[in-house]
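>>> pasting the sequence and the predicted coordinates here, then a few questions.
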Amino acid sequence: MNMTNRYQTVWENYWKSLSGAPGEILWDVPPEQAAALDLAVFAEYVDPSLPMIDLGCGNGTQTRFLAEHFPTVIGTEISSQALAIATETDKGSQTSYRPLDLLDRGAVGALHAEIGDANLYVRTVLHQFDPSDHAAAAGGIAELIGDHGVATVVELSSVAEPFLTELIGGSTPPPQLARILQHEITPGLLDEHDIGALFPPDDFEVLASGPTAIRTCYTAPGGDQMMVPAFFVVLCGRRPEIAASQ
């Protein structure tokens, strides 16, 4: 089984294992705890007339929020089961959902040819790839944003690795996290120090960056909401006007 097929298989199995009960999906929090916070950061940098792609949209929770703020929103996923859930939940909306494998340059190129340059919302997606696939994933993002789009990447930070290691090694890891691990979905090694290599400054301009946190639906025994250390980067392809100003 090649790596791309493995990604599709493990995520298909994960989404099929869910019953639909609230709180099953670790990262599935209300938009005011995720996309709304991120939108407040990236809104000033994007051209709202361009399509907005929610890359790795899952069940569409954040996609539906984005559709309230952008005229054209597309949720993409490698899992057909996730897309089925998102589509069923989002009946009557103008949002569209479609399969997309970010590592399939043919599919990425076809989507770009169809819709043109787009803005991307990429929340906790890249770390799921094997390190050997990071460059290809970044290349897919670059092709989708083209010359005029902006990508907002929200990822686990370097502080997250010891945090998650301790959590996984505990006597009772969160059940939502245990389900992820049972399906052989393991976080890869990607943090803020890798961004410069994946999106080199000769080709990309970082418009904003900084620390943040991934809020989860897990409440710790002490009553606190579990928040995983993270970072955000808002970037675009280096444009002639930007390069000329350097």
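Nice, thanks for sending it over.
>>> please make it C-alpha for all contacts and neighbour counts, starting now.
Will do.
>>> pull out the buried residues from the host helix or strand of Phe232.
For Phe232, the enclosing helix or strand under DSSP states H and E is strand 225-237. Residues Met226, Met227, Val228, Pro229, Ala230, Phe231, Phe232, Val233, Val234, Leu235, Cys236, Gly237 are the ones in strand 225-237 that count as buried (16 or more other Cα atoms under 10 Å).
>>> among those, which one lies nearest to Ala136?
Relative to Ala136, the closest of the buried residues of strand 225-237 is Gly237; by Cα to Cα it sits at 15.9 Å.
>>> for that closest one, which non-adjacent residue is closest in space?
Using Cα to Cα, 6 or more residues apart in numbering and skipping residues adjacent in sequence, the residue nearest Gly237 is Phe204, 4.4 Å away.
>>> backbone torsions only: list them for the one you found.
Torsion angles at Phe204 (phi, psi; degrees, to the nearest 10) stand at phi -130, psi 150.
>>> okay, now the unreliable bits of this structure?
The chain contains residues with pLDDT under 70 at 1-4, 168-171, 186-189, 240-246.
>>> quick one, helices of it?
When assigned using DSSP state H, the helices of the chain occupy the ranges 3-16, 35-42, 61-66, 80-89, 105-115, 134-145, 160-168, 175-182, 195-198, 240-245.
>>> run through the neighbouring helices and strands of the longest one.
Right, the one you point to is helix 3-16. helix 80-89 (3 or more Cα pairs under 8 Å, 6 or more residues apart in numbering; DSSP states H and E).
>>> ditto for the shortest one
Secondary-structure packing of helix 195-198 (3+ Cα pairs under 8 Å, 6+ apart): helix 134-145.
>>> rerun that using 10 Å as the cut-off
Under the contact definition 3 or more Cα pairs under 10 Å, 6 or more residues apart in numbering; DSSP states H and E, helix 195-198 sits against helix 134-145, strand 204-219.
>>> one step back: export the helices of the chain as a markdown table, with columns for mean neighbour count and distance to Pro211.
Formatted as a markdown table, the helices of the chain follow (neighbours: other Cα atoms under 10 Å; distance: least, Cα to Cα, whole Å):
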| stretch | mean neighbour count | distance to Pro211 |
| --- | --- | --- |
| helix 3-16 | 16 | 28 |
| helix 35-42 | 16 | 12 |
| helix 61-66 | 22 | 20 |
| helix 80-89 | 19 | 29 |
| helix 105-115 | 14 | 29 |
| helix 134-145 | 21 | 20 |
| helix 160-168 | 14 | 12 |
| helix 175-182 | 15 | 23 |
| helix 195-198 | 13 | 14 |
| helix 240-245 | 9 | 25 |
